[in-house]
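Enquirer: coords please:
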Amino acid sequence: MKIPIANKIYVALFVIVALAVVPAAWPQSADTILANGKVLTVDPQFSIREAVAVRDGRIMAVGSGAEIRKLAGPQTRTIDLQGRTVIPGLIDSHIHAIRAGQTFTTEVNWVGATSIVEAMNRIHEASLAKKPGSWIVVAGGWQPEQFKEKRRPTQADLVAAAPNNPVYIQHDYDWEVMTPAGFEAMNIASEADLPRPGKFERDASGRPTGAIEDGAGFDVAIALFDKLPHPTFDEQVAGTKKFFRELNRLGVTGVGDPGGNNLNPENYQPVFKVWREKQLTLRIAYSLCGPTPGKEFEELQSLAQMLPQGFGDDMLKFNGIGERVTWAMNNNDRPSAEELQKFYEILRWAAQRRMTVTMHWPHDASADVLLSIYERVNAEFPVKDLRWSVAHITGATPEHLRRMKVLGVGWTIQRPEAAAVENAKELGVTMGAGTDAHRVASYNPFTTVRWLLVDSKRAGATLRGPEQTPTREDALRAYTIGSAWFSFDDTKRGSIEPGKLADLAVLSKDYMTAPLDEIEAIQSLLTMVGGKIVFAAGPYAQLENSR
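Expert: Predicted coordinates for the structure are as follows:
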């Protein structure tokens, strides 16, 4: 029987329409599959899976190897994890990454140096690469405890390592040491030439050792650092890229940057350039500090006119004000009524504009000063959904943590008392982990993680035991989904779940089972940001700079 011409046309049209509405198999396949591993998803159940599929920069699926292999297509790249552990990309909730990047290629760093001899070798190597008379700088990020000698370097150490260069070494914000050539270059001939309240450190005979004691506050270190030569703009751009890659090497895919000392508004141009050129390898949520003492309010108002909360994109965005809202309140346990009022006025303005605020506060003893102002502002303009936070507040008590919980205020932790961390977990205060690098601490996130995990009763330090020590799961939560909360990103990243950004790291050791004394040595062998490989080493080195 012949089929009518009209019916033939109808059938043909049906086939064409069907082909148009049913997608081919390949658009539904994964771009990349990471298989045969131990995937710590950090979802609410802390599920552990074997494989993860990535598509269009996001997590497509997680599951068993058999389930995920079904998502492979002709163009899918499959990476064999060979049993290695995968974690969500680490997010440092409080790190001065923008400032650190600007000087990273012109400084010497002592991260990972285990002895004074090794530290001096790094100084000597730098001297060989520099012209005589040019500065060698170590701007912090080290502690005497990391050296087997358990001491700070001496002026004699530095002169022996770099006899033809002025050398400047900074420890935290409380101590510096320079070579004689350094003092000469800074025109410091006597104690009267030092920024106040700095004093020469002296030996038992009363002779200067070549070191400077800062006294209270940060003023001496800030002033001395400003006397050092500033890197060129191109050096700052190069340093920014190199430092961010160094963080990628350690599994870091995002940071919360609170601004800080020696960082003015114009200093953001290098990181903006890297962002504009789409060369950022980690995500940045940055805050603005009050730039000029006494003029903070008017300057913040001016700077923020064109910066609504969250302005930017998934790689770089504005995240409010802090950590130094006003200079007068910086590390000030006993502010005057006038200082408190100026601080309150800025926070009230921020709350009106629905802006996030993060505030540096050193310890719990005076936390009532800060929280009382938060509460005063909250009574007029509720801040509960603004994700305000407190940084540091070492040894936070349950009373202050309860007040933070009521306000919806989070806590960015670096090296607090672990008992307080457990109290915060019990009370439901959001915690984000970080380093506070690179002046006062190492930028290695696993240094902070190890400290959190140590049962110090066995280490002979502060009396706390296993019941007060965070679990490995909790420490990783704080460094991932916890830190993502502070920039309103916890629904976008911080865990390996379908739909979230594909930010992840393949570790050199199993974080969940590695002995505590090996935690600090963990590195990433492969780091992804938005599904793009930004760092690859060891068995994955050939994947460097691949899609």
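
Enquirer: rest of the way, CA atoms for contacts and neighbours
Expert: OK.

Enquirer: Which residue ranges of the stretch 351-500 of the chain form strands?
Expert: 358-363, 389-394, 410-413, 431-433 (DSSP state E, counting those that start in this stretch).

Enquirer: One more: the stretch 51-200 of the chain?
Expert: 51-55, 58-63, 77-80, 85-88, 90-92, 136-138, 167-171, 175-178, 199-202.

Enquirer: nearest to Asp489, of those strands?
Expert: strand 90-92 (10.7 Å; Cα to Cα).

Enquirer: can you list contacts of the closest one?
Expert: Outside strand 90-92, the residues that touch it by Cα atoms under 8 Å, 6 or more residues apart in numbering are 251-256, 432-435, 445, 479-480, 483-484, 494, 504-505.

Enquirer: before we move on, back to that, what's the most buried one of the strands of the stretch 51-200 of the chain?
Expert: Comparing those by mean neighbour count (mean count of other Cα atoms under 10 Å), strand 90-92 comes out on top with a mean of 32.

Enquirer: Among the contacts of strand 90-92, the buried ones, what's the ChimeraX command?
Expert: In ChimeraX, this line selects whichever of the contacts of strand 90-92 come out buried by 16 or more other Cα atoms under 10 Å:
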select :251,252,253,254,255,256,432,433,434,435,445,479,480,483,484,494,504,505
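
Enquirer: Mean pLDDT and distance to Trp361 added to the strands of the stretch 51-200 of the chain, as TSV?
Expert: Converted to TSV, these look like this (pLDDT from 0 to 100; distance: least, Cα to Cα, whole Å):
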stretch	mean pLDDT	distance to Trp361
strand 51-55	98	40
strand 58-63	98	36
strand 77-80	98	44
strand 85-88	98	29
strand 90-92	98	18
strand 136-138	97	26
strand 167-171	97	20
strand 175-178	97	21
strand 199-202	96	26
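
Enquirer: Nearest to Ala211 among the ones you listed would be which one?
Expert: Nearest of the strands of the stretch 51-200 of the chain (Cα to Cα): strand 175-178, 4.0 Å.

Enquirer: Show me what that closest one is packed against.
Expert: helix 155-161, strand 167-171, strand 208-213 (3 or more Cα pairs under 8 Å, 6 or more residues apart in numbering; DSSP states H and E).

Enquirer: And the next helix or strand past the last one?
Expert: Scanning the chain past strand 208-213 towards its C-terminal end, the next helix or strand to appear is helix 219-226 (assignment: DSSP states H and E).

Enquirer: in that following helix, what's buried?
Expert: Per 16+ other Cα under 10 Å, helix 219-226 contains these buried residues: 219-221, 225.

Enquirer: Closest to the centroid, which residue in the chain?
Expert: Asp92 (3.0 Å; Cα atoms, centre = their mean).

Enquirer: Report the separation between that residue and Val252.
Expert: Taking Cα to Cα, to the nearest Å as the criterion, Asp92 is separated from Val252 by 7 Å.

Enquirer: Leu224 contacts Asp193, correct?
Expert: No: judged on Cα atoms under 8 Å, Leu224 makes no contact with Asp193 at a distance of 10.9 Å.

Enquirer: partners of the spatially closest residue to Ala478 that is not a sequence neighbour in the sheet?
Expert: Closest residue to Ala478 apart from its sequence neighbours, by Cα to Cα, 6 or more residues apart in numbering: Gly432 at 4.6 Å. Bridge pairing for Gly432 (DSSP bridges) gives the partners Thr412.

Enquirer: Could you number the chain from 274 rather than 1 from now on?
Expert: Noted, 274 is the first residue going forward, which turns the last one into Gly705.

Enquirer: I figured Gly705 hits Asp747, correct?
Expert: No: at 10.4 Å, Gly705 does not count as touching Asp747 under the criterion of Cα under 8 Å.

Enquirer: ok, now how distant is the residue nearest to the centre of the chain from Pro581?
Expert: 23 Å.

Enquirer: try Val432
Expert: Distance from Val432 to Pro581, by Cα to Cα: 50 Å.

Enquirer: more neighbours, the two?
Expert: It is Val432, of Val432 and Pro581, that has more neighbours when counted by other Cα atoms under 10 Å, with 20 against 15.

Enquirer: Need the nearest residue in space to the more buried one, chain neighbours excluded.
Expert: Thr452 (6.1 Å).

Enquirer: Let me know the pLDDT of the one you found.
Expert: Looking at Thr452, its pLDDT stands at 98.

Enquirer: Let me know whether Tyr541 touches Ala373 as I believe.
Expert: No: the pair Tyr541 and Ala373 does not pass the contact test of Cα under 8 Å, sitting 11.7 Å apart.

Enquirer: Could you check which of the two has the larger neighbour count?
Expert: Using other Cα under 10 Å as the criterion, Tyr541 and Ala373 rank with Ala373 on top: 22 against 14.

Enquirer: For the closest residue to the more buried one other than its chain neighbours, the count of nearby residues, please.
Expert: Of all residues not flanking Ala373 in the chain, His711 sits nearest, at 6.3 Å (Cα to Cα, 6+ apart). Neighbourhood size, His711 [other Cα under 10 Å]: 23.

Enquirer: Quick one, grab the pLDDT at His711.
Expert: pLDDT, His711: 89.

Enquirer: State the distance from it to Leu401.
Expert: Taken as Cα to Cα, the span from His711 to Leu401 is 24 Å.

Enquirer: Likewise for Val493?
Expert: Relative to Leu401, and taking Cα to Cα, Val493 is found at 30 Å.

Enquirer: Then Val544?
Expert: Counting by Cα to Cα, the gap from Val544 to Leu401 is 29 Å.

Enquirer: more neighbours, the two?
Expert: Ranked by neighbour count (other Cα under 10 Å), Val544 and Leu401 place Val544 first, with 25 against 12.

Enquirer: Sketch out the low-pLDDT regions of this structure for me.
Expert: Residues of the chain that meet the criterion pLDDT under 70 lie in 274-300, 728-740, 819-820.

Enquirer: Would you mark the buried spots in stretch 562-579?
Expert: 562-564, 569-570, 573, 577.

Enquirer: how far does that stretch stretch from start to finish?
Expert: 16 Å.

Enquirer: Name the nearest residue to Met393, sequence neighbours excluded.
Expert: Nearest to Met393 is Ala434, by Cα to Cα, 6+ apart, at 5.8 Å.

Enquirer: likewise Ile485?
Expert: Using Cα to Cα, 6+ apart, the nearest residue to Ile485 is Phe473, at 4.7 Å.

Enquirer: my read: that neighbour touches Gly479, true?
Expert: No: using Cα under 8 Å, Phe473 makes no contact with Gly479, being 9.9 Å away.

Enquirer: list the contacts for Arg328?
Expert: So Arg328 contacts 302-305, 804 (Cα under 8 Å, 6+ apart).

Enquirer: same thing but at 6 Å, please
Expert: Contact analysis of Arg328 by Cα atoms under 6 Å, 6 or more residues apart in numbering lists 303-304.

Enquirer: who does it bridge with?
Expert: For Arg328, the beta-bridge assignment (DSSP bridges) gives partners Arg331.

Enquirer: Please tell me how far it sits from Leu307.
Expert: Taking Cα to Cα, one finds Arg328 at 12 Å from Leu307.
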